[in-house]
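Trainee: below are the sequence and a predicted model; questions follow.
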2 protein chains.
Amino acid sequence: MSAQLAIPSHPVATPDQALHARTSWLKTVDGGTAGGLQPSGSVQHFAQDREIYGEGDNAGVFFKVVSGVVRTCKFLSDGRRQIDAFHVAGDIFGFEMGWEHTLSAEAVCDCTVIPYRRRGIETVNDEVLSQQLFSYAMRSFARAQEHSLLLGRRSAVEKVAAFLIEWAEQSPAGTVVSLAMTRQDIADYLGLTIETVSRTLSQLERDALIELPTARQIRLKDIAALQEMNA
Amino acid sequence: MSAQLAIPSHPVATPDQALHARTSWLKTVDGGTAGGLQPSGSVQHFAQDREIYGEGDNAGVFFKVVSGVVRTCKFLSDGRRQIDAFHVAGDIFGFEMGWEHTLSAEAVCDCTVIPYRRRGIETVNDEVLSQQLFSYAMRSFARAQEHSLLLGRRSAVEKVAAFLIEWAEQSPAGTVVSLAMTRQDIADYLGLTIETVSRTLSQLERDALIELPTARQIRLKDIAALQEMNA
DNA sequence: CGTCCAGTTGACTCACCTCAAACGTGGTGG
DNA sequence: CCACCACGTTTGAGGTGAGTCAACTGGACG
């Protein structure tokens, strides 16, 4: 899910290099420092619901997910939350324009990430690297636009269907989606409440479009019908 | 509003170089072709509601707004529309990662734009230029995230208030906002209906937060209170 | 076996949508 | 100069999709 920036020389739990396959691009920066980019320490672990960084924190490092799932989100002062994206193995998150994080990042489940120290983009004079970063930014942007359409103009069923399709696409098991996140996470991603998410899933099950063996396992029985809702 | 990419040597109607002041960056590319970027023909005019490009069109050129306002948006098959952004003088729009436009662009009012031909970013080997493009992409991305929070988690009043603040910030006249767009445009930007937008504005006027001399002119009488809603 | 917590379900409410009518302003033609 | 029209906007009345509040369920864990 979400934008990926291939930075080689580190193991990735779910090898999905095939998607957005640009892994080869960065062979030249494989050591780190050449392009203003360097791994900063080694793999870090975060327990479920731990904050990785907060909105406003110094953005001197950004991260790549090795395993697990990370959510990036914004909060309103009264606690309302909007999840911007879920990041899975291979995804970059937390790379910013300025020197502050504009979102916060939290571990959806136990997960491991690699931190990268960055210098200002004004000092990045490796053209291949900056193309990579650019590509990352543009892909994030395109995804955000899609998300805006969903949040602004789709009904609850359509939102949930879109969510299922999104995860089915990158789910190895094809039609069975295993969710790392709670209903609350899904709700905050789709701009709904947990009750509405739950009711909608139950409805989809009654309509025989999906099956819910457990709360976190969803079998998509009629992907075509789900996709139809996203026309 | 929205991301700006400073490309010099062309007149800009509303000189707001002070914002995001990066105008000096591109002195070196001032002829055009050096970085894989070149003006493609000269200024183009579009009458109100004319399509500049459609979703899926070839993205071989992108644009900079000279005067007027442009909207970029997505449609669902049944006609529902989500406006992603309004672009004013100085703003870049239509720059894409791939070779297809992922949104369509239309003239909100009569407007003029400059087209730029681009080559693939893989051939952009001017580091300053690619930093610029990157900065553009990242700013667009940050704006899109902000918009997601608005669409997903804000009430109608909060949405309208945010919209007014957003335009006040770049309105030369300070507290009087002149709108180029219809209520329908506002509604599709905020994920509301035109009736709700209209009712909300009337409500804000009754509460003495704004004044509506005409439908397209809005005086902000209590900016602090409007900003308060965006906490 | 009891506790805890995520998830589900139900009853009710309400913010926003829908449909429809009225208003107002700007443009056109008589 | 005024009558008329067109169209964007406002307002009203009523409906509804999703939210709120609250009770219940069921698996995980001690």
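Mentor: Cool, got the structure. Numbers count the residues shown, from 1 in each chain, chains lettered A, B, ... in the order given.

Trainee: can the longest helix anywhere in chain A be found next to DNA strand D?
Mentor: Secondary structure of chain A read by DSSP state H shows that its longest helix is helix A:127-153. No. Among the residues of helix A:127-153, none lie within reach of DNA strand D under Cβ under 7 Å from any atom of the strand; the closest is 10.3 Å away. The way it works is simple: take the backbone N, C-alpha and C, and place the C-beta from them, glycine included.

Trainee: give the buried residues for that helix.
Mentor: For helix A:127-153, burial by neighbour count (16 or more other Cβ atoms under 10 Å in any protein chain shown) applies to A:128-153.

Trainee: any idea of the mean pLDDT in it?
Mentor: Confidence for helix A:127-153, expressed as mean pLDDT, is 86.

Trainee: going on from that helix, what's the next piece of helix or strand?
Mentor: helix A:156-169 (DSSP states H and E).

Trainee: identify each buried residue in stretch A:184-195, please.
Mentor: A:185-192.

Trainee: chain B: which of the residues you listed is nearest?
Mentor: Nearest to chain B out of these is residue A:191 (Cβ to the nearest Cβ; 3.2 Å).

Trainee: got phi/psi on that closest one?
Mentor: phi 70, psi 40 (degrees, to the nearest 10).

Trainee: nearest spatial neighbour of it, skipping sequence neighbours?
Mentor: Nearest residue to residue A:191 in three dimensions, chain neighbours excluded: residue B:152, at 3.2 Å (Cβ to Cβ, 6 or more residues apart in numbering or on different chains).

Trainee: buried residues, stretch A:219-231. List them.
Mentor: A:220, A:223, A:226, A:229-230.

Trainee: so which residues on chain A come close to DNA strand C?
Mentor: Checking chain A against DNA strand C by Cβ under 7 Å from any atom of the strand, the hits are A:182-184, A:194-195, A:197-199, A:201-202, A:212, A:215-216.

Trainee: narrow those residues to those that are buried.
Mentor: For the residues of chain A next to DNA strand C, a burial check counting by 16+ other Cβ under 10 Å picks out A:182-183, A:197-198, A:201.

Trainee: show residues contacting the helix or strand where residue A:74 lies.
Mentor: Per DSSP H and E: residue A:74 is located in strand A:70-75. Here strand A:70-75 makes contact (Cβ atoms under 8 Å, 6 or more residues apart in numbering or on different chains) with A:52, A:55, A:63, A:81-87, A:91, A:93-94, A:102-108, A:111, A:113, A:181, A:185, A:188-189, B:145-146, B:148-149.

Trainee: ok, how many other residues are close to residue A:116?
Mentor: 21 (other Cβ atoms under 10 Å in any protein chain shown).

Trainee: state the distance from it to DNA strand C.
Mentor: 32 Å (Cβ to the nearest atom of the strand, to the nearest Å).

Trainee: just the strands in chain A please.
Mentor: Listed in chain order, the strands of chain A (DSSP state E) span A:37-39, A:44-46, A:51-53, A:61-67, A:70-75, A:81-87, A:92-93, A:104-107, A:111-118, A:176-178, A:210-214, A:217-220.

Trainee: CSV for those strands, including distance to residue B:45?
Mentor: Output for these, formatted as CSV (distance: least, Cβ to Cβ, whole Å):
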stretch, distance to residue B:45
strand A:37-39, 44
strand A:44-46, 54
strand A:51-53, 47
strand A:61-67, 43
strand A:70-75, 39
strand A:81-87, 37
strand A:92-93, 41
strand A:104-107, 45
strand A:111-118, 42
strand A:176-178, 49
strand A:210-214, 51
strand A:217-220, 49
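
Trainee: fine, thanks again, bye for now.
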